[in-house]
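Q: predicted model and sequence below, questions to follow.
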Amino acid sequence: DAGVTQSPTHLIKTRGQHVTLRCSPISGHKSVSWYQQVLGQGPQFIFQYYEKEERGRGNFPDRFSARQFPNYSSELNVNALLLGDSALYLCASSLGTGGGYTFGSGTRLTVV
Amino acid sequence: GDSVTQMEGPVTLSEEAFLTINCTYTATGYPSLFWYVQYPGEGLQLLLKATKADDKGSNKGFEATYRKETTSFHLEKGSVQVSDSAVYFCALSPPGAGSYQLTFGKGTKLSVIP
């Protein structure tokens, strides 16, 4: 069975641009969460979606948004990119809303 | 708010040495506790977990016991291998149905030399 898949794997953007990251959860998983991992730090929670509804949001500015589609895949959008948005963005899926998360390999975003 | 504190690395050990990575937490109630491992260039993999006080999580020779009295969840392995070289993250999830947010420590990098 395929695990959590994220695309693209690497991305370079210029300050001020917009970016869309994509995530496909494990088949049957209805919950998707997004995390930002800055180099040398632990992941920070951005969003969780369950059954296409936002169930939680971390301490990130409104430039960050996400959505979940009927097939449970998800997109993370970041507007007006800043240098500080450079990070590894991780997607995690689970059957429900509590624990048991499986992480993807991440999208490495570099903002120049 | 919730927080996780891990011992700072990097930690360098010889093969077959004993490993301990300390983790303490601050949270309300009884959170679930996790250890994740991240190999170079990869995402996080769940190593083990414990959901209530005195539970012991174990996997691949690694163990950690949920100690409510000391708010700790230290990771141990009796004999490390070169293949254990990775970054290890301690994390917690708040108690209760619908708890969704994992709070991670900063990670501890382990290097095992032959």
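A: Ah, there it is.
Q: get me the contact residues on chain B for chain A.
A: Applying CB under 8 Å from any CB of the partner chain, we find that chain B lies next to chain A at B:4, B:32, B:34, B:36, B:41-46, B:49, B:51, B:89, B:91, B:93, B:96-107. C-beta coordinates here come from the backbone N, C-alpha and C atoms, glycine included.
Q: which of those fall in strands?
A: B:4, B:32, B:34, B:36, B:44-46, B:49, B:89, B:91, B:93, B:103-104 (DSSP state E).
Q: where does the prediction get shaky in chain B?
A: Per-residue confidence for chain B (pLDDT under 70) gives these ranges: B:96-99.
Q: can you name the residue of it nearest to chain A?
A: Of all residues in chain B, the one sitting closest to chain A is residue B:104 (3.3 Å; CB to the nearest CB).
Q: what pairs with that residue across the strands?
A: Beta bridges link residue B:104 to residue B:91, judged by DSSP bridges.
Q: tell me the buried residues in stretch A:78-89?
A: A:78, A:81, A:85-89 (16 or more other CB atoms under 10 Å in any protein chain shown).
Q: so how far is that stretch off the chain centroid?
A: Stretch A:78-89 sits 12 Å away from the centroid of its parent chain (CA atoms, centre = their mean, to the nearest Å).
Q: now the end-to-end length of it.
A: 11 Å (CA to CA, to the nearest Å).
Q: I'd like the average pLDDT over it.
A: Taken as a whole, stretch A:78-89 carries a mean pLDDT of 97.
Q: swap in stretch A:30-46?
A: On average, stretch A:30-46 scores 93.
Q: pull out the buried positions in that stretch.
A: A:30-37, A:42-46.
Q: kindly report the same for stretch B:75-82.
A: Under the neighbour-count rule (16+ other CB under 10 Å), stretch B:75-82 has B:75, B:77, B:80 buried.
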